[in-house]
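In: mind looking at a prediction? Sequence and model below.
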Amino acid sequence: QVQLVESGGGLVQAGGSLRLSCAASGRTFSNYAMGWFRQAPGKEREFVAAVSWSGGSKYYADSVKGRFTISRDNAKITVYLQMNGLKPEDTAVYYCAATRGSLDLSRGKYDYWGQGTHVTVSS
């Protein structure tokens, strides 16, 4: 069992930055690939970024590539999402998720989810 708690969301102006954190419980955190997803009002939850269990492989949605960076610290059992150059269209609830499988873009492949943290980007 893995429990995930996100933090770091908030209100920021366009062009600004935020760093989201996802603290995990459980001794097997390093066995899981981790992902960030987001859900804007009235829209489906979409993939943002994912990182392999070792941190050596990363993948990003085209909409955030070059602006967001995913990383993980297995010693601290935490995964991060550094978000730079934020745009109003990045406004959403951001969720972290864990999968026992390999790095994946599909939300259906993830076994555990956090409660989400709100990010609002004003224009």
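Out: All right, it came through fine.
In: rest of the way, CA atoms for contacts and neighbours
Out: Fine.
In: secondary structure element for the residue nearest the centre of the chain?
Out: The geometric centre of the chain, computed from its C-alpha atoms, lies nearest to residue 36 (Cα atoms, centre = their mean), at 2.4 Å. If you go by DSSP states H and E, residue 36 is part of strand 33-39.
In: run the chain-centre distance for the very next helix or strand once past that strand.
Out: The element immediately downstream of strand 33-39 (helix or strand, assigned by DSSP H and E) is strand 46-51. Computed by Cα atoms, centre = their mean, to the nearest Å, the separation of strand 46-51 from the middle of its chain amounts to 6 Å.
In: send me strand 46-51 as PDB with only the CA atoms.
Out: Once non-C-alpha atoms are left out, strand 46-51 reads as follows in PDB (Å, rounded to 0.1, in the frame of the first residue of the first chain):
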ATOM      1  CA  GLU A  46      -4.700  14.300 -18.300                       C
ATOM      2  CA  PHE A  47      -1.200  13.100 -18.200                       C
ATOM      3  CA  VAL A  48       1.500  15.700 -17.300                       C
ATOM      4  CA  ALA A  49       4.800  13.900 -16.600                       C
ATOM      5  CA  ALA A  50       6.200  10.600 -15.300                       C
ATOM      6  CA  VAL A  51       9.400   9.300 -14.000                       C
END
